[in-house]
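1. how would this look folded up:
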Amino acid sequence: MENRIELLKNKGYWIAKLQIDLYREIQDFMEQQKINKTQLAEYLGCSKGYVSQLLNGDFDHKISKLVELSLAIGKVPQITYTDLQEYIQKEQDSYCIHITNQRFVPYKMMKTKQHLNPYFTIA
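-> Alright, predicted model coming up:
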């Protein structure tokens, strides 16, 4: 879990996450509108090469460009700020079931929930 915590503290992780989020939104938009890269470039008023950069994650935009692209595809960008330690704790809790005070079992390894004591909760 230490590697994951270090990753969450890395600025590159968060830049990549925003790029992936934007990529998914653009892909969804293209599918909904039934358009290809060339048509998207025309719609956005940019080059096909720029669209390829967007879809390949090969870009690092200013916030103003992120807002512009989001609005162009009919989305409102929302950035929230969460305390890093809170985020790490929440993420750790979502991957683990607290069986005792000393032992954690990854949620993904659980085959069924029936054998859990009813006083324990699943995160």
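2. all contacts plus neighbour counts: C-alpha atoms, from now on.
-> Fine.
3. elements contacting the lengthiest helix in the chain?
-> If you go by DSSP state H, the chain has its longest helix at helix 11-33. For helix 11-33, the packing partners by 3 or more Cα pairs under 8 Å, 6 or more residues apart in numbering; DSSP states H and E come out as helix 48-56.
4. Report the rounded mean pLDDT for the helix or strand where S94 lies.
-> Using DSSP states H and E, S94 sits in helix 84-95. For helix 84-95, mean pLDDT rounds to 84.
5. Report all helices and strands that it contacts.
-> Partner elements for helix 84-95 (3+ Cα pairs under 8 Å, 6+ apart): none found.
6. redo that, cut-off 10 Å
-> helix 2-8, strand 104-106 (3 or more Cα pairs under 10 Å, 6 or more residues apart in numbering; DSSP states H and E).
7. between the ones you listed, which gets nearest to E86?
-> helix 2-8 (11.5 Å; Cα to Cα).
8. which parts of that closest one are buried?
-> 5, 8 (16 or more other Cα atoms under 10 Å).
9. Over to stretch 9-28?
-> 18-20, 22-23, 25-27.
10. Distance to Q92 and pLDDT added to these, as a markdown table?
-> Shown next, in a markdown table, are those (distance: Cα to Cα, whole Å; pLDDT from 0 to 100):
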| residue | distance to Q92 | pLDDT |
| --- | --- | --- |
| L18 | 21 | 86 |
| Q19 | 24 | 86 |
| I20 | 22 | 88 |
| L22 | 25 | 88 |
| Y23 | 26 | 90 |
| E25 | 27 | 91 |
| I26 | 30 | 93 |
| Q27 | 30 | 94 |
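11. From these, pick the one nearest N56.
-> Closest to N56, out of all of those and judged by Cα to Cα, is Y23, at 8.1 Å.
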